[in-house]
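S.K.: I need the structure of the sequence given here:
(2 chains)
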Amino acid sequence: MRMFSWRSFRMWQRNRDVFLRLWHSEAPGTIVEPLIILVAMGLGLGAYVTLTDNQDYIEFIVPGIVCSYAMFSVFGECTYGTFFRMEERKTFDAIIATPLNVEDVIAGEIFWGATRSLMTGSVILVVALAFQQVDSWWTLLVPFLSFYHGVMFASIAVFFTSVAPSFYTFNHVFTLFVTPMFFLSGVFFPLSDFPQVVQNLSWIAPLTPVVHLTRALFEGEFHLIHLVVAGYILLVTIVFFALALFIMRRRLTV
Amino acid sequence: MAIIVTSNLSKKFKDLLAVDNVSLEVEEGECFGLLGPNGAGKTSLIRMITAVSPPLSGSIEVAGMDLASHPRQVKAILGIVPQIDNLDEDLTVLQNLTTFARYFGIPKTVAHTRGCELLQLFHLEEKSSGRIKELSGGMRRLLLIARGLVNQPRIAILDEPTVGLDPQTRHLVWQQLTELKEQGVTRLLCTQNMEEAAVLCDRVAVMHRGRILSLDSPQVLITRHVGETVLEVAVTSANRAKVVRELSTHGIDFLDVGNTVKVLGVNREQLPATLLGTAEELRLRPATLEDVFFRLTGKTLEEDEEE
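M.R.: Sure, this is the predicted structure:
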């Protein structure tokens, strides 16, 4: 496998420039949906929910909402977005004819996806803070964590894109992978309430460790398990990052 | 001195040998044309030379560098104008040039100046801040060519640069490509436009079924394969077979291209009298590259149909 270089920054810059030109058409959507979920679930459903330690339900779901919507923005960008640039616009074909190679382009896409995660995570964090008190200064690290897991989700998303024959593939990615993770990764209910089988599956799904870590930052309480899940995220990142680069080279240089 | 050298280059797609053992040398500063029918392997060859497609076998050297081990360095001195329009529609017209310049590591201010100059050169300066979607087909192609020159390449590689252009725009492109010659830029040009090849190219390689059939200056190719003149005999579907039979029995060389029969190496007086009676119309004209094209690739096309 060939390595990417600092030139991937050029691809990142290209995506940033396009985003700065068009952000106003996309940005409202990123805030409105999580806001609705927070109101509906947190305040609406939350009124009927009693948590063991008297915690407000909305406080329970805020960390999960922050990282889930960061994930959604990454998946939108790095599946539909990346595929569109690659297959419809042939943008990658143009760029790999310059000193950038395929690995630079793909790494640039992944880092851009992670940047979207950072932006979305930060914005929703600010919105969410309107609903609850900040218990811990560690919460300030949430944007950094958003970038960290953003690299992982972007790598997974680009991996799906690298093997996708058409746009329709992504409908399956969302219905069979992204959305189930949203509901089964401990965002809305503690994992321990699930049957053992679901719990085991849930721990493999990469959103679970992310929710776990984000919640730890909100609560300011850390255990050894958090180090383990941070390592798990890194491992998944490396595997899918490498796969994405490798398969994309085969796809783009025929 | 040769600036592009390919040695025994081959490329295979599934069962199709798209490029078959091609060895060629492009001299520095010349305009080298690749001429051939659709599917001849021109684009495949060019994609290998531009490092976006790995060869099955063989090697490529560009400006003394081995392409396989120095793809970035080679790509840095190439200016590529692809056949497929892949302008960045998310960016403005000028941004297309400056963003592309950034991929080459060209500083912002230089990129901006150069971008504006190129837009002026290709009569696009009024569209500078416009969107790509607002451009006409011809303008898009001009921008695509301008983009290929943004890094001031030593070698410009153009795949069918004037396809679909109106005559004025085509001449604008030809003029710019001729300017490049004065700057010493090597040009590798893929085309199906015979006039373009004849006007621009110092040397032309006729390619068919992945192989180079003949390579020389346009004039030498014409003399070698066709001769000085061609006598065009207009035929109808009714008398075509008769004309062809007549020519064959008299041992006269000809090319059968459908509604005309191109008779080679003879003038009107040398034609058999019976034929003069049969032919609808006769016209003597100087031989062109198109005749060479038919000569070298035409027969095999017919064989294709028979298969």
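S.K.: what's residue 144 sitting at in phi/psi?
M.R.: Unless you meant another one, I'm taking chain A. phi -70, psi -40 (degrees, to the nearest 10).
S.K.: burial measure for the nearest residue to it once chain neighbours are set aside, as a count.
M.R.: Counting by Cβ to Cβ, 6 or more residues apart in numbering or on different chains, the nearest residue to residue A:144 once its immediate chain neighbours are dropped is residue A:118, at 7.8 Å. All C-beta atoms are positioned from the backbone trio N, CA, C, and that covers glycine. Under the neighbour criterion other Cβ atoms under 10 Å in any protein chain shown, residue A:118 is assigned a count of 21.
S.K.: got the residues of chain A near chain B?
M.R.: Those residues of chain A that sit near chain B, judged by Cβ under 8 Å from any Cβ of the partner chain, are A:7, A:10, A:13-14, A:17-18, A:21-22, A:89-91, A:93-101, A:252-254.
S.K.: narrow those residues to those in strands?
M.R.: Here DSSP state E is the test, and the residues of chain A next to chain B give no hits in strands at all.
S.K.: pull out the buried residues from these.
M.R.: When neighbours are counted using 16 or more other Cβ atoms under 10 Å in any protein chain shown, the residues of chain A next to chain B contain these buried positions: A:7, A:10, A:14, A:17-18, A:89-91, A:93-101, A:252.
S.K.: let's see which of those end up in helices.
M.R.: When DSSP state H is applied, those are split such that A:10, A:14, A:17-18, A:91, A:93-95, A:252 fall in helices.
S.K.: tell me the pLDDT at residue B:299?
M.R.: The score at residue B:299 is 55. That number is its pLDDT.
S.K.: helices along chain B, start to end?
M.R.: B:42-49, B:71-76, B:93-103, B:108-121, B:137-148, B:167-182, B:194-200, B:218-225, B:240-249, B:273-278, B:289-306.
S.K.: now do the buried residues in the fourth one.
M.R.: Pointing back at helix B:108-121 there. B:111, B:114-115, B:118-119, B:121.
S.K.: between those residues, which sits nearest chain A?
M.R.: Distances from chain A to the buried residues of helix B:108-121, taken as Cβ to the nearest Cβ, are shortest for residue B:111 (12.0 Å).
S.K.: what sits against the closest one?
M.R.: B:97-98, B:101-102, B:150 (Cβ atoms under 8 Å, 6 or more residues apart in numbering or on different chains).
S.K.: rebuild the ones in helices among the buried ones among the residues of chain A next to chain B as JSON lines, extending it with pLDDT.
M.R.: Conversion of these to JSON lines gives the following (pLDDT from 0 to 100):
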{"residue": "A:10", "pLDDT": "97"}
{"residue": "A:14", "pLDDT": "97"}
{"residue": "A:17", "pLDDT": "95"}
{"residue": "A:18", "pLDDT": "94"}
{"residue": "A:91", "pLDDT": "96"}
{"residue": "A:93", "pLDDT": "95"}
{"residue": "A:94", "pLDDT": "96"}
{"residue": "A:95", "pLDDT": "97"}
{"residue": "A:252", "pLDDT": "95"}
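S.K.: of all those, which two lie farthest apart?
M.R.: Distances among those were taken as Cβ to Cβ; the most separated pair is A:17 and A:252, at 21.8 Å.
S.K.: does the closest residue to residue B:161 other than its chain neighbours have beta-bridge partners, and which?
M.R.: By the measure of Cβ to Cβ, 6+ apart, the closest residue to residue B:161 outside its immediate chain neighbours is residue B:81, 5.4 Å from it. Note on residue B:81: beta-bridge partners by DSSP bridges are residue B:158.
S.K.: and for residue B:81, the neighbour number?
M.R.: By other Cβ under 10 Å, the residues close to residue B:81 number 21.
S.K.: may I see the buried residues of stretch A:118-133?
M.R.: Residues A:118-125, A:127-128, A:131-132 are the ones in stretch A:118-133 that count as buried (16+ other Cβ under 10 Å).
S.K.: in terms of contact, does residue A:64 touch residue A:185 like I think?
M.R.: Yes: using Cβ atoms under 8 Å as the test, residue A:64 is close enough to residue A:185 to be in contact (7.4 Å).
S.K.: what sits closest to residue B:67 if chain neighbours are left out?
M.R.: Closest residue to residue B:67 apart from its sequence neighbours, by Cβ to Cβ, 6+ apart: residue B:60 at 4.1 Å.
S.K.: follow-up on the earlier one: is it possible to export the helices of chain B to TSV including distance to residue A:244?
M.R.: Listed next are the helices of chain B as TSV, based on distance: least, Cβ to Cβ, whole Å:
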stretch	distance to residue A:244
helix B:42-49	23
helix B:71-76	20
helix B:93-103	20
helix B:108-121	30
helix B:137-148	27
helix B:167-182	39
helix B:194-200	41
helix B:218-225	47
helix B:240-249	59
helix B:273-278	67
helix B:289-306	41
